[in-house]
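Student: fold the following.
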Amino acid sequence: MAESIGVFGGTFDPPHIGHLILAAEALSQLQLDRVLWVVTPEPPHKPNLPITNVYQRIEMTRRVIANNPVFELSTIESDRPGPHYTLDTIDLLQIRNPTSRLVLLIGGDSLRDLPTWNRPEELVTAVHSFGVMRRPGAVFDLSALEDSLPGLKNKLRFFETPQLEISSSSIRERIANKGHYRYYLPADVYDFIQKNRIYR
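Tutor: Prediction:
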């Protein structure tokens, strides 16, 4: 049976326990064999976003997944020049894993915006399926999405996660304002941020 690989992309600035829970629920509910954590150097849809050095984000991501053998760090985007579009990443991953089924993990808000992505029709063809995390407030019209991207509806697989009010931006804000953030992060990531004085 072909291996199923979840592709979990993000800036991970910083990676936190919410990311771990999302990846673990996707792994279980979508019956994945492993999850690749793809650190995005510069998200093309957020060109002016202030962002932490990619090598620090890669190290934090390596630390956050270190204790789970089915979570793997991928530097497939940071190893090549940008811009980094999801379709190109999927194509490269498929070349490296020719017999595997690639499941792109996205949130409901990303599903709604999918028609605005780079070459979305090709992306729908390229992936085996989309693992979509249901998020409160993320409203999308499946009929309209299918009209825009034929074949999409049959590739959607939804999964649920506990709703935690944790985000990387709120953690960065807490650190900058000298607020509490210790328990939003695994110990190794917290120690790395403290030692390197990131986000201060």
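
Student: contact partners of the lengthiest helix in the chain?
Tutor: Longest among the helix segments of the chain by residue count, using DSSP state H, is helix 17-29. Identification of contacts with helix 17-29 by Cβ atoms under 8 Å, 6 or more residues apart in numbering yields 6, 8, 10, 12, 32, 34-35, 37, 64-65, 70-71, 103, 105, 131, 133, 159-162, 164, 166-167, 184-186. C-beta: built from backbone N, CA, C; applies to glycine.

Student: model confidence score at the closest residue to R101 other than its chain neighbours, please.
Tutor: Residue nearest to R101 in three dimensions, not counting chain neighbours: H128, with 3.8 Å by Cβ to Cβ, 6 or more residues apart in numbering. Looking at H128, its pLDDT is 98.

Student: what separates the residue sitting furthest away from the middle of the chain from A187, distance-wise?
Tutor: Relative to the centre of the chain, the most outlying C-alpha is that of K178, 27.2 Å out, by Cα atoms, centre = their mean. Note on K178: its distance to A187, by Cβ to Cβ, to the nearest Å, is 20 Å.

Student: which strands and helices sit next to the helix or strand of the chain with the lowest mean pLDDT?
Tutor: In the chain, the helix or strand scored least confidently by mean pLDDT, DSSP states H and E is helix 108-113, which has a mean of 91. The contact analysis (3 or more Cβ pairs under 8 Å, 6 or more residues apart in numbering; DSSP states H and E) places helix 108-113 against strand 129-133.

Student: what's next to stretch 191-200, contact-wise?
Tutor: Contacts for stretch 191-200 (Cβ under 8 Å, 6+ apart): P14, T52, Q56, E59, M60, R63, I171, R172, I175, A176, L185.

Student: give the contact list for the residue lying closest to T11 once chain neighbours are set aside.
Tutor: Excluding its sequence neighbours, the residue lying closest to T11 (Cβ to Cβ, 6+ apart) is T40, at 5.3 Å. Going by Cβ under 8 Å, 6+ apart, T40 touches G9, G10, T11, E77, H84.

Student: for those, which one is nearest L149?
Tutor: Nearest to L149 among these is G9, at 18.8 Å by Cβ to Cβ.
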